[in-house]
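K.L.:
based on what follows, work out the 3D shape:
(one chain, ligands or ions: 1)
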Amino acid sequence: MSKDKKARSVGRASHEPAKRRPMEFLGENSGDNKIRSHIPVMLQEMLDAMKPDDGEIYVDGTFGAGGYSKALLEAAHCTVYAIDRDPNVATLAEKLKAAFPGRFFWLTGNFGDMCDLLAAHGVTEVNGIVLDIGVSSMQLDTAARGFSFKADGPLDMRMSASGESAADIVNNADEEDIADILYQYGEERKSRQIARAIVHARDAKPITRTSELADIVRRVVGTKDGLDPSTRTFQALRIKINDELGELERALASAERLLAPRGRLVVVTFHSLEDRIVKQFFQSRSGETRGGSRHLPTTAAARLPTFLLAKKKPILSSLAEIHSNPRARSAKLRVAIRAEAA
Ligand SMILES: C[S@@+](CC[C@H](N)C(=O)[O-])C[C@H]1O[C@@H](n2cnc3c(N)ncnc32)[C@H](O)[C@@H]1O
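P.N.:
Predicted coordinates:
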């Protein structure tokens with residue numbers, strides 16, 4: 001099939017839209033302390049959008065448990081460069097390397113730096129980039145990583161296992177800064193009360209465990225809409241600690257530079273803050289709007305479109321997938337095709 005024909009049929013998979021929850025499950029692990037392998041979300045939809053072909057080069061910017069990388073490598077005689085900032089996935093990556101010799105390359109680092117990471121391997125142009133944003137099940141379910149409010153662990157939340165931890169922020173940041181983080185990245189309406197309670201608690205003793213923070217938040221928020229009251233606080237801290245929104249913006253700008261004409265950019269997001277960034281980027285780069293993020297370069301947008309939208313609306317997980325993998329319930333997949341414009 002020609003690339004043009006392929007591009008036109010991207011996103012044709014039709015799935016019954018699922019009833020969505022207002023906020024992702026972020027920080028919600030299964031609570032039984034079992035570490036599950038990550039089940040890739042919307043795997044078939046990702047393949048339908050990417051249309052892997054022999055000889056092509058793809059970037060899997062969020063390797064995780066390697067579900068997307070493996071599916072791409074199995075679907076065509078292609079090459080995959082996989083990136084993850086979490087050093088703990090190295091063992092899984094080594095297995096893929098052995099299974100697909102000469103076709104799978106593993107790079108530790110941030111997907112926001114993908115141009116530099118690939119340039120170090122002599123790669124300056126690729127045919128497809130996929131990003132499956134957020135944390136993996138292994139990260140959430142490992143209590144020692146400190147992502148979950150359901151399993152007690154150190155208050156950490158660093159995907160890369162380096163840099164500032166959640167405990168550093170909770171114990172050292174100003175009350176006002178904590179409130180701003182909870183409001184901006186968690187859309188937490190009670191951000192000020194929670195920040196006050198955190199500062200009050202840490203005056204007595206440092207907050208070092210996920211269960212301590214979750215209890216403080218629960219006492220302030222109370223239970224109402226079925227979500228654990230600490231969901232938003234944990235989401236906010238995780239996004240802040242890992243600069244998740246900044247990374248996403250840098251990755252989109254990098255993808256614009258790295259993709260060959262007719263290359264596909266597929267992004268799966270799990271909450272509205274991320275999806276808004278992707279949606280606005282695609283709109284501005286496809287000429288739908290002149291706006292976009294203030295962090296992204298605007299010169300290209302002001303001229304010719306650099307992306308074509310296969311579909312304006314995001315693709316959602318099917319009810320069947322949500323039934324078998326509840327973590328798919330808030331996923332949104334967006335796809336755009338790189339245009340010819342420089
Ligand atoms: C949802 S999981 C990906 C799962 C994967 N698609 C699979 O099928 O197994 C997200 C992964 O992206 C990684 N990640 C998140 N932000 C990143 C970033 N800025 N740079 C590199 N990796 C990142 C996380 O460490 C995690 O392993």
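K.L.:
so V89 is in contact with D60, correct?
P.N.:
No - assessed by CB atoms under 8 Å, V89 is found out of contact with D60, at 11.3 Å. The C-beta positions use only the backbone N, C-alpha and C, and glycine is treated the same way.
K.L.:
compare the two (neighbour count), which wins?
P.N.:
Here V89 and D60 are compared on neighbour count by other CB atoms under 10 Å; more neighbours surround D60, at 30 against 22.
K.L.:
next, count neighbours for I194.
P.N.:
Around I194 there are 27 residues (other CB under 10 Å).
K.L.:
got the contact list for the closest residue to it other than its chain neighbours?
P.N.:
Spatial nearest neighbour of I194, excluding adjacent residues (CB to CB, 6 or more residues apart in numbering): V220 at 5.0 Å. If you count contacts by CB atoms under 8 Å, 6 or more residues apart in numbering, V220 has them with K190, Q193, I194, A197, P229.
K.L.:
contact partners of the helix or strand where the fourth one lies?
P.N.:
In this structure, A197 is located in helix 191-204 according to DSSP states H and E. The set of residues external to helix 191-204 that reach it, using CB under 8 Å, 6+ apart, is 170-171, 175-176, 178-183, 188, 207, 212-213, 216-217, 219-221, 233.
K.L.:
beyond that helix, next helix or strand please.
P.N.:
From helix 191-204, the next helix or strand downstream (DSSP H and E) is helix 210-221.
K.L.:
avg pLDDT for that following helix?
P.N.:
For helix 210-221, mean pLDDT rounds to 96.
K.L.:
what packs against whichever helix or strand comes after that helix?
P.N.:
Where DSSP H and E defines the elements, the next helix or strand beyond helix 210-221 is helix 231-241. In terms of contacts (3 or more CB pairs under 8 Å, 6 or more residues apart in numbering; DSSP states H and E), helix 231-241 is packed against helix 166-172, helix 175-186, helix 210-221.
K.L.:
same thing but 7 Å
P.N.:
If you count contacts as 3 or more CB pairs under 7 Å, 6 or more residues apart in numbering; DSSP states H and E, helix 231-241 packs onto helix 166-172, helix 175-186.
K.L.:
that one close to the ligand?
P.N.:
No - Helix 231-241 is not in contact with the ligand by CB under 6 Å from any ligand atom; minimum separation 10.2 Å.
K.L.:
next, the angle helix 210-221 makes with that helix.
P.N.:
130 degrees (axes from the mean of the first three to the mean of the last three CA atoms, to 10 degrees).
K.L.:
using PDB, list the CA coordinates for helix 231-241.
P.N.:
Taking C-alpha atoms only, helix 231-241 is exported to PDB below (Å, rounded to 0.1, in the frame of the first residue of the first chain):
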ATOM      1  CA  THR A 231      -5.800  11.200  43.700                       C
ATOM      2  CA  ARG A 232      -5.400  14.800  42.600                       C
ATOM      3  CA  THR A 233      -2.600  15.600  45.000                       C
ATOM      4  CA  PHE A 234      -0.600  12.500  43.900                       C
ATOM      5  CA  GLN A 235      -1.200  13.400  40.300                       C
ATOM      6  CA  ALA A 236       0.000  16.900  40.800                       C
ATOM      7  CA  LEU A 237       3.200  16.000  42.600                       C
ATOM      8  CA  ARG A 238       4.000  13.400  40.100                       C
ATOM      9  CA  ILE A 239       3.600  15.800  37.200                       C
ATOM     10  CA  LYS A 240       5.700  18.400  38.900                       C
ATOM     11  CA  ILE A 241       8.500  16.100  40.000                       C
END
